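>>> The sequence isn't on hand, but the structure is:
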């Protein structure tokens, strides 16, 4: 074991000296005015982007967000047993998280969202894929820290792991009393934090920073692994549910397009969406039709879905009136 550890230390990944790394992490982990201003600005941009369902605005907010910086310091502090760095990084992450939840919640109370858009809902069902993204992005971020020559990778990792949007979704959901949405966003945020922490620790170990005696007595990496194992259960279930929902959505769309209202040649289905947050799930079907669709026809579709998919669904048709005109018609 000791021989293997010495080999790892020799690899070093071309790392910078440990004292220089610690000093840099201490500076990055301070709760400064710049850190708070960037956190606040990122939070507001992300919140507004989520509300208007704009991916471009959300990406801009993720680039600004400075949360990744103290997280790298937190991982190093837990590995090395550095109490001062641990205190600074924890305070910075805690206050940025609290500030973001508070500000996004206030915005949500003021605006009072009638419904959540796709950008919000997409951050309420974390899966194992999100955990893997957090681990890879955290590893790249840690590697960029010990190899300053690749420091330009930080914006990319910030976008990939998306730390700020889940916090803002959490605050928005709390302001609207949507506890299920809030819990999903909170789980995604915790998944990102733990994944980044573990990945950075691994990179620091491979960089040769953990001394053998400290590495032997520290439990930081073990705790991270245990937390990830516990996370893997709900994330795995969520991933399986996501796959199942995708298959069901495909079946619903196939039934609606090819078999529902078969006697109505004037009806054309061009979009199908399923709101899984409702009980029963709500299927919104956008169609074009030259004549109105009757409630009895909607009931027929609901019964057909229930019989074939063994689950009740509430079907809502959104009809766009159309008319057929060709050259044979006289003016």
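Everything's here; your move. All figures in this text were calculated on a predicted structure; none of them were measured in a lab. Numbering: from 1, shown residues only.
>>> What pLDDT is listed against residue 186?
Per-residue pLDDT puts residue 186 at 88.
>>> Can you give me the distance of it to residue 167?
According to CB to CB, to the nearest Å, residue 186 and residue 167 sit 9 Å apart. C-beta here means a position set from N, CA and C on the backbone, and glycine is covered the same way.
>>> between these two, who's got more neighbours?
Using other CB atoms under 10 Å, the more surrounded residue of residue 186 and residue 167 is residue 167, with 30 against 19.
>>> quick one: the more buried one is in a helix?
Yes. Applying DSSP: H, G, I helix; E, B strand; the rest coil, one finds residue 167 inside a helix.
>>> give the contact list for it.
43, 97, 100-101, 104, 185, 189 (CB atoms under 8 Å, 6 or more residues apart in numbering).
>>> Give me the spatial nearest neighbour of it, chain neighbours excluded.
Closest residue to residue 167 apart from its sequence neighbours, by CB to CB, 6 or more residues apart in numbering: residue 100 at 4.3 Å.
>>> And residue 251, by the same measure?
Excluding its sequence neighbours, the residue lying closest to residue 251 (CB to CB, 6+ apart) is residue 309, at 6.3 Å.
>>> pretty sure the one you found contacts residue 248?
Yes. Contact criterion CB atoms under 8 Å: residue 309 and residue 248 qualify, at 6.4 Å.
>>> which residues in the stretch 101-250 of the chain form helices?
For the stretch 101-250 of the chain, applying DSSP state H, counting those that start in this stretch gives helices covering 118-121, 128-146, 154-161, 164-175, 179-206, 212-217, 220-258.
>>> residues in contact with the first one?
Going back to what we said before, that points to helix 118-121. 49-50, 53-55, 58, 165, 169, 172-173, 181, 277.
>>> Between these, which has the least confident prediction?
Ranked by pLDDT, those bottom out at residue 277, which has 70.
>>> ok, that one - how many residues close by?
Counted by other CB under 10 Å, the residues lying close to residue 277 total 15.
>>> ok, now how distant is the closest residue to it other than its chain neighbours from residue 121?
In space, and not counting its chain neighbours, residue 277 is closest to residue 180: 6.6 Å by CB to CB, 6+ apart. For residue 180, the distance to residue 121 equals 11 Å [CB to CB].
>>> Compare these two (neighbour count), which wins?
Per other CB under 10 Å, whichever of residue 180 and residue 121 has more neighbours is residue 121, with 18 against 10.
>>> On the pLDDT front, check the more buried one for me.
Residue 121 carries a pLDDT value of 80.
>>> can you tell me which residues contact the residue nearest the centre of the chain?
With the centre of the chain defined as its mean C-alpha position, the nearest residue by CA atoms, centre = their mean is residue 123, 4.2 Å away. With contact set as CB under 8 Å, 6+ apart, residue 123 has these partners: 162, 165-166, 169, 184-185, 188.
>>> which among the residues you listed gets closest to residue 109?
Nearest to residue 109, judged by CB to CB, of the contacts of residue 123 is residue 169 at 14.9 Å.
>>> ok, and the closest non-adjacent residue to the closest one?
Nearest residue to residue 169 in three dimensions, chain neighbours excluded: residue 185, at 3.9 Å (CB to CB, 6+ apart).
>>> my read: that neighbour touches residue 173, true?
Yes. Judged on CB under 8 Å, residue 185 makes contact with residue 173 at a distance of 6.2 Å.
>>> overlap in contacts of the two?
Contacts common to residue 185 and residue 173, judged by CB under 8 Å, 6+ apart, are residue 124.
>>> Determine how far stretch 229-247 lies from the middle of the whole chain.
When distances are taken as CA atoms, centre = their mean, to the nearest Å, stretch 229-247 is centred 14 Å away from the chain's centroid.
>>> swap that for stretch 82-94, sorry
For stretch 82-94, the distance to the chain centre is 24 Å (CA atoms, centre = their mean).
>>> what residues does it touch?
Applying CB under 8 Å, 6+ apart, the contact partners of stretch 82-94 are 22, 25-26, 29-31, 35, 67, 69-71, 73-74, 76-78, 193.
>>> thinking again about what came up before, which one's more surrounded, residue 309 and residue 248?
Per other CB under 10 Å, whichever of residue 309 and residue 248 has more neighbours is residue 248, with 17 against 13.
>>> Tell me the spacing between residue 184 and residue 254.
Distance of residue 184 to residue 254, given as CB to CB: 28 Å.
>>> just residue 77 next, same as before
Distance, residue 77 to residue 254, by CB to CB: 53 Å.
>>> who's more crowded, those two?
Set residue 77 next to residue 254 and count neighbours by other CB under 10 Å: residue 77 wins out with 24 against 11.
>>> in the stretch 51-200 of the chain, which segments are predicted with low confidence?
148-161 (pLDDT under 70).
>>> try 90 this time
Counting by pLDDT under 90, the stretch 51-200 of the chain has low-confidence residues at 52-69, 71-86, 108, 111-165, 175-200.
>>> which residues touch the closest residue to residue 239 other than its chain neighbours?
Spatially, and ignoring its direct neighbours in sequence, residue 239 is nearest to residue 127 (3.6 Å; CB to CB, 6+ apart). Residue 127 sits next to 235-236, 238-239, 242 when contact means CB under 8 Å, 6+ apart.
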